[in-house]
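K.L.:
Following is a predicted model, sequence given first.
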Amino acid sequence: MNDAAYARVFSLAVDALMEWLGLGEEGRRRHAYTLYTLETHLCYRREAHEGQPLQVGVVRLDADAKRLHAFFTLEDDQGHCLATSEQMLMGMAIDRGRPAPFPPEVAERLAALPGCAGDDWPELAGRRIGIVRRDDATS
């Protein structure tokens, strides 16, 4: 898989999460509400191959009335982590095109999403991109 394929897998995972939250096509229409991706951070850990069985998991790192900070993992059938995607998702009122609080039934489902606390925080979550500079000339 190339980088675009990994991004597509995680995009489809967000679609599946939206379905689970009650924001599939019918739910978006009924609530006039959807989720937008504000930011995403992909980490590639191992190579995935054509035809390989894969599964995606998600945990809630944090949430407030309008936002979900989610962490997705892509694993093979042996449980090896192939990639991760940390995402900030924003709830949007479709009719106004503005951020809005989660509809009550969506907020209830969101609260039922597995979460992280303290020691459970995924090791790869919260990373930043940057070149580490060293004082010596070997860097």
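P.N.:
Good, I have the coordinates. Everything numeric in this text was worked out from a predicted model, so none of it was measured.
K.L.:
which strand residues sit across from E39 in the sheet?
P.N.:
E39 has these beta-bridge partners by DSSP bridges: M88.
K.L.:
repeat for G115
P.N.:
G115 has these beta-bridge partners by DSSP bridges: R60.
K.L.:
Tell me who's in contact with the nearest residue to A48 once chain neighbours are set aside.
P.N.:
Ranked by CB to CB, 6 or more residues apart in numbering and with sequence neighbours excluded, the top spatial neighbour of A48 is M1, at 4.5 Å. Backbone N, C-alpha and C define where each C-beta goes, glycine included. Shown in contact with M1 (CB atoms under 8 Å, 6 or more residues apart in numbering): V9, E47, A48, H49, E50.
K.L.:
quick one: contacts for the closest residue to the first one other than its chain neighbours?
P.N.:
It refers to V9. Closest residue to V9 apart from its sequence neighbours, by CB to CB, 6+ apart: L74 at 6.0 Å. Shown in contact with L74 (CB under 8 Å, 6+ apart): Y6, V9, F10, A48, L54, Q55, V56, C81, L82, A83, T84, S85.
K.L.:
so where does L74 fall, helix or strand?
P.N.:
Secondary structure assignment for L74, by DSSP states H and E: strand 67-76.
K.L.:
Give me the sheet partners of that strand and which way each runs.
P.N.:
Sheet pairing of strand 67-76 (DSSP bridges) gives strand 54-63 (antiparallel), strand 81-93 (antiparallel).
K.L.:
re earlier: name the member of the contacts of M1 with the shortest distance to T37.
P.N.:
For the contacts of M1, the closest approach to T37 (CB to CB) belongs to V9, at 14.1 Å.
K.L.:
how close does the closest one sit to S85?
P.N.:
As judged by CB to CB, to the nearest Å, V9 and S85 stand 8 Å apart.
K.L.:
for this structure, which spans come out with low pLDDT?
P.N.:
117-119, 136-139 (pLDDT under 70).
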